[in-house]
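A.B. asks: this is a predicted model, with the sequence first.
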Amino acid sequence: QVQLVESGGGLVQPGGSLRLSCVTSGFEFDDYAIGWLRQAPGKKHDVVSCIAGKSSVTLLESVEGRFTISRDRSKNTVYLQMDRLKPEDTAVYHCAADLNCGGLINYGVWGQGTPVTVIS
């Protein structure tokens, strides 16, 4: 059974940092693209970053240079390091897996999400 379990969200002040974790199971970790998506209140889902094979890509311009995706194959875990957080980063963050980054929203298997709130 494919499972993705996120953790690491919480309440943080502007300028602060958080590291999200996504522990995966039930599929061959190296064969899938795994990405982080977010949904802010009242807005659609956006793909933030995705990692596939030896490549990673940041897909949301507003987090470029502040968020970094990485993975630890020994732990079947993908991380999202979020630095210099802004109030507009407030959202529920999900990780998702699919055969490629482009399919994450429509075809991917998602975790339950972890909320991030950036507030003074």
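C.D. replies: Happy to help now that I have it.

A.B. asks: which residues touch the helix or strand bottoming out on mean pLDDT in the chain?
C.D. replies: Using mean pLDDT, DSSP states H and E, strand 55-58 stands out as the lowest-scoring helix or strand of the chain, at a mean of 86. Strand 55-58 has contacts (C-beta atoms under 8 Å, 6 or more residues apart in numbering) with Val48, Ser49, Cys50, Ile51, Glu64, Phe67, Ile69, Ser70, Cys101. In this view, the C-beta of every residue, glycine as well, is placed from N, C-alpha and C.

A.B. asks: narrow those residues to those that are buried.
C.D. replies: Val48, Ser49, Cys50, Ile51, Phe67, Ile69, Cys101 (16 or more other C-beta atoms under 10 Å).

A.B. asks: can you give me the strands for the protein?
C.D. replies: 3-7, 10-12, 18-25, 33-39, 45-52, 55-58, 67-72, 77-82, 91-98, 109-110, 114-118 (DSSP state E).

A.B. asks: by mean pLDDT, show me the worst of those strands.
C.D. replies: Lowest mean pLDDT of these: strand 55-58, a mean of 86.

A.B. asks: related to what we said a few turns ago, can you put the contacts of strand 55-58 in JSON lines and add distance to Glu6?
C.D. replies: Shown next, in JSON lines, are the contacts of strand 55-58 (distance: C-beta to C-beta, whole Å):
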{"residue": "Val48", "distance to Glu6": "12"}
{"residue": "Ser49", "distance to Glu6": "14"}
{"residue": "Cys50", "distance to Glu6": "15"}
{"residue": "Ile51", "distance to Glu6": "15"}
{"residue": "Glu64", "distance to Glu6": "22"}
{"residue": "Phe67", "distance to Glu6": "15"}
{"residue": "Ile69", "distance to Glu6": "13"}
{"residue": "Ser70", "distance to Glu6": "15"}
{"residue": "Cys101", "distance to Glu6": "18"}
